[in-house]
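S.K.: Quick one, what's the 3D model for this:
(one chain, ligands or ions: 1)
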Amino acid sequence: MSINEKYKQIKDIGEFAFINRFESKFDQMIKDSDMGIGDDCAVVSINETQNHVITTDLLIEDIHFLKTEISPFELGYKSLAVNLSDIAAMGAKPLYSFLSIGIPTSTDIDYLDRFMEGYHKLSQKYNVPLMGGDTTKSPDKIVINVAVIGISEKENTHLRSMACSGDLVCVTDNLGDSAAGLNILLNKIEQTSVHKKLIKQHHLPEPNILEGMWLAKHKQVHAMMDISDGISSDLKHILKASQKSADIHLDKLPISNELNSIAKKENWNAQEIAASGGEDYKLLFTVDAEGFDKLNADFEKEFNKPLYLIGEINEGRSEISWFKNKQKLAISKMGFDHFS
Ligand SMILES: [Mg+2]
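M.R.: Numbering: from 1, shown residues only. Predicted coordinates:
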């Protein structure tokens, strides 16, 4: 360690460089049949045919949520939803959850009851019982950690590393609503019923559990992950793990009528919000081009909504090339500046 290195702080290197500093030391301890850091969930082999998948997520007041904006019911619901979304990303069925929470001592019991009502509501929807956790006092902010364990058939476990050249890139639903909802809250924009629909997507995201399990059973589907940071950064994880590149068409991103109408009114670029806005918690996956039409027809029959084809996987070095009306765009390394 150099002298300069000694005085560096986490903000100087970022989350991923921090993980890189210790990941390999633990890798040596992991069995060949299992997988640690690097996908939506860890994978632990149970027997010849099945895996457990395990995920955990941390939410901190004022970093991940504003107590003044999100209701306690919504916060409880969302705390579990973001974890279930990672289980969906593996094509797995969620089994159990664990909840640890740090609470300032001045927190109202009523607030906590309503938090647990939201958590329970989503637990009930997918029959995922809360099996344990921890509660502790926190100095002045709420801290929430949830862990979920799921199960998947080995042959149906979908990793980020499974994208192939020639695959099509697809998503399961509209993109950008959640980011637009957050922006409405942060900028205190006056809310109509349309604005409120976008905010609802931000506060009550619906994990694509059933869609993930359904897609996972289809051999045409290759790499899969959930969309938590926006496809412009999430897709790069698939590209890096699969050592591929992608062409993505901005004009093919699915955008809700609500986002289109508010974007017009506020002078936002809806396509760029759809490309880079976070917290959609839908699924991003790659599919064999030959098998797409049949997969899409069957998906529509099952879920009453289509899949959205947004681009293609190519050979290359983890880069996304962006297109609009078939013209390649020059997008800076900084990415999109979608609310300017
Ligand atoms: Mg994820």
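
S.K.: ok, and what's touching stretch 26-38?
M.R.: Applying C-beta atoms under 8 Å, 6 or more residues apart in numbering, the contact partners of stretch 26-38 are 19, 23, 42-45, 159-160, 241. No exception for glycine: its C-beta is placed from N, CA and C like everyone else's.

S.K.: Show me what the strand or helix carrying D57 pairs with in its sheet, parallel or antiparallel.
M.R.: Using DSSP states H and E, D57 maps to strand 50-60. Counting by DSSP bridges, the strands paired with strand 50-60 are strand 42-45 (antiparallel), strand 143-153 (antiparallel).

S.K.: could those strands go into TSV alongside distance to the ion and mean neighbour count?
M.R.: Shown next, in TSV, are those (distance: least, C-beta to the ion, whole Å; neighbours: other C-beta atoms under 10 Å):
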stretch	distance to the ion	mean neighbour count
strand 42-45	12	18
strand 143-153	12	21
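
S.K.: Redo these as CSV? Include mean pLDDT.
M.R.: Formatted as CSV, those follow (pLDDT from 0 to 100):
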stretch, mean pLDDT
strand 42-45, 95
strand 143-153, 97
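
S.K.: JSON lines please, covering those strands and showing distance to S193.
M.R.: Below are the strands paired with strand 50-60 laid out as JSON lines (distance: least, C-beta to C-beta, whole Å):
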{"stretch": "strand 42-45", "distance to S193": "41"}
{"stretch": "strand 143-153", "distance to S193": "30"}
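
S.K.: do you know which of the ones you listed lies nearest Q9?
M.R.: strand 143-153 (20.8 Å; C-beta to C-beta).

S.K.: Let's see the pLDDT reported for M35.
M.R.: Per-residue confidence (pLDDT) for M35: 88.

S.K.: For it, list each beta-bridge partner.
M.R.: In beta-bridge terms (that is, DSSP bridges), M35 pairs with V43.

S.K.: what about the helices in the stretch 151-300 of the chain?
M.R.: Here the stretch 151-300 of the chain has its helices, by DSSP state H, counting those that start in this stretch, at 177-186, 193-203, 209-216, 231-242, 257-266, 270-276, 292-303.

S.K.: Could you check the angle the fifth one makes with helix 193-203?
M.R.: Computed by axes from the mean of the first three to the mean of the last three C-alpha atoms, to 10 degrees, the angle separating helix 257-266 from helix 193-203 equals 120 degrees.

S.K.: What parts of the chain come near the ion?
M.R.: Within the chain, the positions adjacent to the ion are 40, 86, 226, 228 by C-beta under 5 Å from the ion.

S.K.: In strands, which of the residues you listed fall?
M.R.: D226 (DSSP state E).

S.K.: Any chance of JSON lines for the residues of the chain next to the ion, columns neighbour count and pLDDT?
M.R.: Formatted as JSON lines, the residues of the chain next to the ion follow (neighbours: other C-beta atoms under 10 Å; pLDDT from 0 to 100):
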{"residue": "D40", "neighbour count": "24", "pLDDT": "89"}
{"residue": "D86", "neighbour count": "26", "pLDDT": "96"}
{"residue": "D226", "neighbour count": "27", "pLDDT": "96"}
{"residue": "S228", "neighbour count": "21", "pLDDT": "93"}
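
S.K.: domain ranges for this structure?
M.R.: 3-156, 160-328 (automatic domain parsing).

S.K.: ranking those by burial, who's on top?
M.R.: Among the domains of the chain, domain 160-328 has the highest mean neighbour count (mean count of other C-beta atoms under 10 Å), at a mean of 19.

S.K.: residues contacting the residue of the stretch 201-340 of the chain found nearest the ion?
M.R.: Using C-beta to the ion, D226 is the residue of the stretch 201-340 of the chain that sits closest to the ion, at 4.3 Å. Listed by C-beta under 8 Å, 6+ apart, the contact set of D226 reads 40, 85-86, 88-89, 207-208, 212, 234, 281-284.

S.K.: again, but for E117
M.R.: So E117 contacts 73, 76 (C-beta under 8 Å, 6+ apart).

S.K.: Same question for K78.
M.R.: Per C-beta under 8 Å, 6+ apart, neighbours of K78: 59, 65, 70, 118, 203-205.

S.K.: got those as JSON lines, with pLDDT columns?
M.R.: Formatted as JSON lines, the contacts of K78 follow (pLDDT from 0 to 100):
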{"residue": "L59", "pLDDT": "94"}
{"residue": "F65", "pLDDT": "92"}
{"residue": "I70", "pLDDT": "95"}
{"residue": "G118", "pLDDT": "98"}
{"residue": "H203", "pLDDT": "95"}
{"residue": "L204", "pLDDT": "96"}
{"residue": "P205", "pLDDT": "96"}
